[in-house]
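[1] Okay, predicted coordinates and the sequence, questions at the end:
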Amino acid sequence: MGGHVTLLFSIHDEDHLPRSQGSRGAGLCLDAGVTVRATATHRDRPPDLAGVQPGPRLDLTPAPVDVHVTDATGVAWPDGEALYHAVVDDLRTVRRLSPSTAVSMDVTLDLPVSQGFGMSGAGLLAAARAVLEANGTPDDAYAARVAHRLERTQRGGLGDVLAIHAGGMALRRQPGAPGVVGFAEGVPVDVPCLLVWQPDEARHTSAYIDHPDWKRSITSAGEAALAPLCEGPWTGDRWSDLLEAAEEFATNSGIAAEPERARLLAAVNEALAEEGLLDAWTARLCMLGVSAVVVPKDPHHGSLDMARVNTVISSRLEHRGFAACRLVAGPSSTEEE
């Protein structure tokens with residue numbers, strides 16, 4: 001399941017129901033994110049011993065849940081297991097999964113967490129889909145609702161699940177869970193990009209959306225930047241509009257002025273300038289990590305320079321202490337394992 005980078009957003013979390021909370025905004029889905037492989041083993045039913053006294057004692061102990069998470073560096077990450085246990089607990093609570101069904105999940109992360117790449121949303125959606133599929137009760141629409149609800153109850157992302165569910169270059173017009181109250185439009189653009197982040201920095205979304213001052217400035221700037229995007233049809237031709245709105249939002253919200261993010265953008269722009277690519281390529285901050293996505297200004301000509309961006313620009317940025325990864329933004333399809 002591919003991740004997602006939000007480029008601009010406004011916060012809408014006043015409703016007491018998690019399914020109605022979320023954000024309006026716009027961003028890009030990614031062709032890398034989280035892979036979940038799940039198995040479900042149903043406990044054997046006791047034999048039919050009707051009339052036999054005393055009757056058989058039923059084992060009411062919930063079947064075990066085994067989760068193994070591997071992070072983006074290929075190392076086991078036990079601290080990440082709780083997120084995926086929550087998926088099973090939720091499905092059991094709503095009786096979509098029997099407590100007597102044992103579940104095993106192998107989770108592989110392609111990208112770092114807490115960097116604005118939508119990894120929790122992608123992981124929850126991938127896990128819910130995988131577990132329901134393994135249980136023999138596939139339901140992608142319901143999996144999206146579960147993932148969104150858990151994102152909100154755990155104070156994670158606001159709109160990543162909605163955006164990933166839409167796919168491509170996603171415009172979130174109405175906040176909330178997909179198929180309930182949330183509404184997003186996604187169009188495929190398939191643009192090569194470079195993700196760049198500061199490995200020693202991380203930002204949890206709740207530090208901003210739960211802070212009154214940040215909440216006000218983000219929502220005000222987000223709504224202003226969204227207004228022109230929501231006018232007219234949402235098509236791949238709106239690429240330049242998205243980039244313009246994203247820059248506007250980052251500046252007006254105050255996020256781009258934070259020292260760590262300012263330093264990151266300066267390093268990216270300097271590297272692009274040194275290679276003579278600043279006229280053709282640009283960087284936009286990913287909300288809300290210390291990270292950016294480097295993309296072509298013209299989505300139809302990005303592949304011409306991608307080799308240089310992937311090697312030379314990556315090398316220059318890594319030399320400055322940043323990490324980088326080549327991906328495709330706004331893919332036509334996403335991994336659904």
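    The structure has been received and is ready for your questions. Numbering: from 1, shown residues only.
[2] low pLDDT regions in the stretch 101-250 of the chain?
    Scanning the stretch 101-250 of the chain for pLDDT under 70 picks out 204.
[3] which stretches of it form strands?
    In the stretch 101-250 of the chain, the segments counted as strands under DSSP state E, counting those that start in this stretch are 101-109, 169-174, 183-187, 191-197.
[4] need those strands in a markdown table with distance to S315 and mean neighbour count, can you?
    To be clear about C-beta, it is placed using only N, CA and C from the backbone, and glycine gets the same treatment. Rendered in a markdown table, the data for the strands of the stretch 101-250 of the chain read as follows (distance: least, CB to CB, whole Å; neighbours: other CB atoms under 10 Å):
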| stretch | distance to S315 | mean neighbour count |
| --- | --- | --- |
| strand 101-109 | 24 | 20 |
| strand 169-174 | 28 | 23 |
| strand 183-187 | 33 | 20 |
| strand 191-197 | 11 | 24 |
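[5] Out of the ones you listed, the one nearest W214 is which?
    Using CB to CB as the criterion, the shortest distance between W214 and the strands of the stretch 101-250 of the chain is 19.1 Å, found for strand 169-174.
[6] rewinding a little: distance to E231 for the strands of the stretch 101-250 of the chain - can I get that in CSV?
    Written out in CSV, the entries for the strands of the stretch 101-250 of the chain read as follows (distance: least, CB to CB, whole Å):
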stretch, distance to E231
strand 101-109, 37
strand 169-174, 11
strand 183-187, 13
strand 191-197, 23
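[7] Please name the bridge partners of the nearest residue to P199 once chain neighbours are set aside.
    Nearest in space to P199, with sequence neighbours left out and distances taken as CB to CB, 6 or more residues apart in numbering, is A323 at 5.0 Å. Legend: beta-bridge partners of A323 under DSSP bridges are W197.
[8] Same check on the one 5 residues further on?
    Here V328 sits in beta bridges with P192, as judged by DSSP bridges.
[9] how many other residues sit next to it?
    18 (other CB atoms under 10 Å).
[10] Now do the contacts for it.
    Contacts here follow CB atoms under 8 Å, 6 or more residues apart in numbering; on that basis V328 touches L30, D31, D190, V191, P192, C193.
[11] R149: which of those is nearest?
    Ranking those by separation from R149, with CB to CB as the measure, puts L30 on top at 22.7 Å.
[12] so that closest one makes contact with M119?
    No: in terms of CB atoms under 8 Å, L30 does not count as a neighbour of M119; the distance is 10.0 Å.
[13] which neighbours do these two share?
    Common contacts of L30 and M119 (CB under 8 Å, 6+ apart): G3, L111.
[14] What separation is there between D15 and D190?
    With distances taken as CB to CB, to the nearest Å, D15 is found 35 Å from D190.
[15] which of these two has more neighbours?
    When D15 is set against D190 and neighbours are counted by other CB under 10 Å, the residue ahead is D190, at 17 against 14.
[16] Let me see the confidence value for the residue nearest to P199.
    A323 carries a pLDDT value of 97.
[17] Would you confirm that it contacts D200?
    No: in this structure, A323 sits apart from D200 without contact. The criterion is CB under 8 Å, and the distance is 9.8 Å.
[18] Compare those two and say which is more crowded by neighbours.
    For A323 versus D200, neighbours defined as other CB under 10 Å are more numerous around A323 (18 against 10).
[19] ok, now which ones touch the more buried one?
    A323 is in contact with P112, V196, W197, Q198, P199, counting by CB under 8 Å, 6+ apart.
[20] Please report phi then psi for D31.
    Here is the backbone geometry of D31 (degrees, to the nearest 10): phi -90, psi 10.
[21] what do you get for the one 10 residues further on?
    Note on T41: its backbone torsions stand at phi -120, psi 120 [degrees, to the nearest 10].
[22] ok, and the closest non-adjacent residue to it?
    In space, T41 is closest to A102, 4.4 Å off (CB to CB, 6+ apart).
[23] hang on, the earlier thing: from the contacts of A323, which two are the most distant?
    Spatially, the most separated pair among the contacts of A323 is P112 and V196, at 11.6 Å (CB to CB).
[24] which residues are contacting stretch 194-203?
    Residues from elsewhere that reach stretch 194-203, judged by CB under 8 Å, 6+ apart: 5, 30, 111-117, 260, 264, 268, 283, 286, 288-294, 309-310, 313-314, 317, 321-327.
[25] Look up how far G254 lies from the residue nearest to P199.
    Using CB to CB, A323 is found at 25 Å from G254.
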